[in-house]
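A.B. asks: Turn this into a model:
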Amino acid sequence: MTTLGRFRDVTARMDAVLVDRLGDRAIKPDGVPLFGAFFSPFVGADVGGKSKSVRLGNAIVTDNVLAPTFMARVVEAVGIEKDTFLTVDLPVEQGGGRYKVSKREPDGAGMVTFILSLNNG
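C.D. replies: Predicted coordinates:
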């Protein structure tokens, strides 16, 4: 085995351990857990307010409003495509709940970010 092959094997094992031990848990539609990093930005109460609004004229600038995301290892996220539902296993106050995958963005380095939308069904 080449040095590069060994490096990739060690890195893959290290990634798996870190994600499994430190990651947030989501549940795939088949009931299998998926570990990764959940990020839930939110728009505060000041949107549209006078002092700290994120507005252009009378419209919200949607580029400044981010969607929640869940990042996981590609090898563990097989079968999760657009319109698949993921249930983020966190308290509601931390953004937990059922989300619909609206987009899948692989990074080319073994991770994939799922852009999520609120459950609509």
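A.B. asks: so which helix or strand takes in the residue nearest the centre of the chain?
C.D. replies: Geometric centre of the chain, nearest residue: Phe70, 1.1 Å, by CA atoms, centre = their mean. Using DSSP states H and E, Phe70 maps to strand 69-73.
A.B. asks: Now for Leu66: which residues touch it?
C.D. replies: Pro41 (CB atoms under 8 Å, 6 or more residues apart in numbering). C-beta: built from backbone N, CA, C; applies to glycine.
A.B. asks: let's have the chain start at 30 instead
C.D. replies: New numbering, starting at 30: the last item is Leu95.
A.B. asks: how far away is it from Val121?
C.D. replies: Using CB to CB, to the nearest Å, Leu95 is found at 19 Å from Val121.
A.B. asks: go on, Phe36?
C.D. replies: Distance of Phe36 to Val121, computed by CB to CB: 41 Å.
A.B. asks: Check Asp136 too.
C.D. replies: Counting by CB to CB - Asp136 and Val121 are separated by 29 Å.
A.B. asks: swap in Glu105?
C.D. replies: Counting by CB to CB - Glu105 and Val121 are separated by 25 Å.
A.B. asks: Check Ala106 too.
C.D. replies: The value you get for Ala106 to Val121, if CB to CB is used, is 24 Å.
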